[in-house]
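Asks: need coordinates for the following:
(chains A, B and C)
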Amino acid sequence: MFLALAPRTENGRTWAGTDGADSAGVPVNRRGGDGAGYHLQELADDGEPLGDPLTIGDPVGLLAFAGRGARWLWDATSQVYPGLLRVGVRLDRCHDITLTERILRARAGVFGEPSSAAAVNARAAGAPVPADRDPATTFAGRQSAFGHPAQPMLFDTVDPVRDVVAGVGDPLALLRTALVDQLQRAGDDNALALLLAAESASGLAAAEMGHAGLPWRADVHRELLVQGLGQQPAAGRRPTRMAELAREIDAAFGFPVNPDSAVDLRAAFRRVGFDIDTTRSWVIKGLAHPAVEPVLAYKELARLYSANGWNWLAEWVRDGRFRAEYVPGGVVSGRWATNGGGGLQIPRALRRAVVADPGYALVVADAAQLEPRVLAAISNDHALQRLSADDDLYDALAADGFGGDRAKAKLAMLGAMYGQTSGEAGRLVPTLRRRYPAAMVCVEGAARQGETGQVVHSALGRACPPPGATFREALEVGTSQDATDAERRRADLMAKDRGRFTRNFVVQASAADWAAVWLSGLRRDLAAVPGAELVFFQHDELIVHVPTEQAGLVSELTMAAAKSARELVFPGSAVTTPVRPVVVNCYADAK
DNA sequence: TCAAATGGCGCC
DNA sequence: AAAGGGCGCCATTTGA
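Replies: Have a look, this model is predicted:
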């Protein structure tokens, strides 16, 4: 059974009234939700209405409908659910039309187009497709530096055609027909059904994690900043330690250099005899010059200062929590992205600041070496699957064919998955091919498909984007009889480039499949653990904030969910995808 | 003068 | 030691 849920709308807008007004002075609330009121209707599994539509004024009233194994149906979790969470309404399951549509459209070769219920209906009717209201797709980017986040684009005029197409006045019908359309297109593909269920569940988890926030000790963070950078500078000034290093750099070169400018820095090194064409740290590290040390130190501090300095703290940490806006499926491979705050790039150095509340612990669980294990599964490489029984797959790999050299084994495996052909990794390819032929056929086959302009899919059927017009044209020109050498080279480069992408896609996207199923399963199980909250998820790692006495139980649940994910995503495979949870007070102590 | 591109680097 | 996949974000540079 489905419970179709639509925020009440006015003039085609999500009605809310409390979050401000758009340029026309009409109240808007891009989250939908609180205070708004909802239309609600029960639907059978095939989308047939089971009763008359209802109107619910108080969202808490929705709870009366929950808990019957029903699945909520709505346009976009990111629009509806945060408002519900703010008034204390948590729901178990949903079907998110927008997230589902993205996956289905991708499988049809279409990316980046509107995916709302309105869009689904408009397409089915051959009518103009309205823009998404979902910020995730209309979001045009953020203002730089220390400004406020850019606002998503909002409708600022009433468009009668769009509003009719959008079914304003009968939003439930819109959801119902979109659902029926999607169910029909999804067919009876079990893997796809699992992917779609996990994607919608990820939407719920993402909203909940955004709501909960990651415990963040601003005082600890500030201490770390002062320790590394010195005192917080006045606006427009460098922190003490960075200013000192800048002076050291000038002195080492013997002339003034702006280390914030790559152009300036490269020119400086050239002037003192080093013909570099990039100022990347690893290049500079190899130079013998007194400026090297202060430059490297400066770069590191500058990164900390600009990415996670005092400004970041002021903008993103409130009430002891860091709240990122998570975007499930925000990456083509199905990985999550975040809007703002760099939520998936928290530097290791700052993990000291992630501390459980008093009486609570953090259960930090990560899937060890997920990607090579996933490769073993999708390629059905029995030799590699056997190695996956080892807790440390790279150790096993090293013992199996790399003379016990773990670093070498890891390099070879990563090179195989990323398409590295040169250097040490390239030289190790023959060893891999000899010992793990099926795995290598898998990644090399995926690469070849990419090179020839085809698409590839994840284990559960997430599709990679088809090549763009530039690629197709370059390939056509470069492979024609009368192509110039330059045209041939260009075509070859673009093909190789896309080959590396598709090669990696099959592994990364299948790992994302696994992780989404893992996360969804754990989220479901955590509902039975009082006080346990998912607070962080980063590709193959998650954190649960939990009352200390429940930490052991939650650890078990993370492992059980991993086992279940392995069985669901790679049924019948001998691969193992172990998770090793650690109970800590502070994130920095997890590794 | 402003927006887009680039260089660089953090995370996986 | 060398530089291969996916991102987001910042400051600087470029170019319209």
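Asks: please make it C-alpha for all contacts and neighbour counts, starting now.
Replies: OK.
Asks: how about the residues of chain A near DNA strand B?
Replies: A:262-263, A:266, A:278-282, A:299-300, A:303, A:344-349, A:538-541 (Cα under 7 Å from any atom of the strand).
Asks: could you pull out the helices for the stretch 201-350 of chain A?
Replies: Under the criterion DSSP state H, counting those that start in this stretch, the stretch 201-350 of chain A contains helices at A:218-229, A:240-253, A:262-271, A:281-284, A:292-308, A:310-316.
Asks: list the buried residues in the third one.
Replies: Judged by neighbour count (16 or more other Cα atoms under 10 Å), helix A:262-271 contains these buried residues: A:265-269.
Asks: identify the farthest-apart pair in those residues.
Replies: Across those, the longest distance by Cα to Cα is 6.4 Å; it joins A:265 and A:269.
Asks: tell me the contacts of the closest residue to residue A:312 other than its chain neighbours?
Replies: In this structure, residue A:312 finds its nearest non-sequential neighbour in residue A:341, 7.1 Å apart by Cα to Cα, 6 or more residues apart in numbering. Listed by Cα atoms under 8 Å, 6 or more residues apart in numbering, the contact set of residue A:341 reads A:312, A:316, A:324.
Asks: so which of these wins on neighbours?
Replies: Counting neighbours by other Cα atoms under 10 Å, residue A:324 leads those with 25 neighbours.
Asks: give the helix, strand or coil label for residue A:566.
Replies: The local conformation at residue A:566, judged by DSSP: H, G, I helix; E, B strand; the rest coil, is helix.
Asks: and what of residue A:581?
Replies: Assigned by three-state DSSP, the conformation of residue A:581 is strand.
Asks: touching, it and residue A:557? I think so.
Replies: No - in this structure residue A:581 lies outside contact range of residue A:557 using Cα atoms under 8 Å: 9.5 Å.
Asks: ok, and what's touching the helix or strand where residue A:72 lies?
Replies: Per DSSP states H and E: residue A:72 is located in strand A:71-74. By Cα under 8 Å, 6+ apart, the surrounding residues in contact with strand A:71-74 are A:1-6, A:80, A:92-97, A:175.
Asks: could you find the closest non-adjacent residue to residue A:102?
Replies: residue A:115 (6.1 Å).
Asks: double-check that that neighbour belongs to a strand.
Replies: No - Residue A:115: not assigned to a strand; according to three-state DSSP it is coil.
Asks: before we move on, the earlier item: ok, the strand holding residue A:72: who's next to it in the sheet?
Replies: Sheet pairing for strand A:71-74, assigned by DSSP bridges, gives strand A:2-7 (parallel), strand A:94-96 (parallel).
Asks: over to the closest residue to DNA strand C within chain A: give its phi and psi.
Replies: The nearest approach of chain A to DNA strand C comes at residue A:340, 2.5 Å away (Cα to the nearest atom of the strand). Main-chain torsions, residue A:340, degrees, to the nearest 10: phi 80, psi 140.
Asks: what about it, how many neighbours?
Replies: 17.
Asks: where's it relative to DNA strand B, distance?
Replies: Separation of residue A:340 from DNA strand B (Cα to the nearest atom of the strand, to the nearest Å): 12 Å.
Asks: so what's the nearest residue to that residue once chain neighbours are set aside up against?
Replies: Once flanking residues are discounted, residue A:340 sits nearest to residue A:324: 6.4 Å by Cα to Cα, 6+ apart. Counting by Cα under 8 Å, 6+ apart, residue A:324 makes contact with A:210, A:213, A:316, A:338-343.
Asks: what is the lowest-pLDDT residue among these?
Replies: Of all these, residue A:340 carries the smallest pLDDT score, 87.
Asks: would you agree that residue is in contact with residue A:325?
Replies: Yes - in this structure residue A:340 lies within contact range of residue A:325 using Cα under 8 Å: 6.9 Å.
Asks: tell me the residue furthest from the middle of chain A?
Replies: Ranked by distance from the centre of chain A (Cα atoms, centre = their mean), the top residue is residue A:254, with 45.3 Å.
Asks: that residue and residue A:131, how far apart?
Replies: Here the criterion is Cα to Cα, to the nearest Å. By it, residue A:254 lies 57 Å from residue A:131.
Asks: then residue A:524?
Replies: Residue A:524 sits 33 Å away from residue A:131, going by Cα to Cα.
Asks: more neighbours, those two?
Replies: Taking other Cα under 10 Å, residue A:524 and residue A:131 do not tie; residue A:131 has more neighbours (18 against 15).
Asks: quick one, phi psi at the closest residue to that one other than its chain neighbours?
Replies: Spatially, and ignoring its direct neighbours in sequence, residue A:131 is nearest to residue A:114 (5.7 Å; Cα to Cα, 6+ apart). Main-chain dihedrals, residue A:114, degrees, to the nearest 10: phi -50, psi 140.
Asks: cool, residue A:455 as well?
Replies: Main-chain torsions, residue A:455, degrees, to the nearest 10: phi -110, psi 160.
Asks: looks like it contacts residue A:462 (just checking).
Replies: No - judged on Cα under 8 Å, residue A:455 makes no contact with residue A:462 at a distance of 10.4 Å.
Asks: neighbour-wise, which of these two wins?
Replies: Between residue A:455 and residue A:462, counting by other Cα under 10 Å, residue A:462 is the more crowded of the two (27 against 19).
Asks: mind listing what the more buried one touches?
Replies: Counting by Cα under 8 Å, 6+ apart, residue A:462 makes contact with A:103, A:106-107, A:195, A:333-334, A:509.
Asks: quick check: it vs DNA strand B, distance?
Replies: In this view, residue A:462 and DNA strand B are 18 Å apart by Cα to the nearest atom of the strand.
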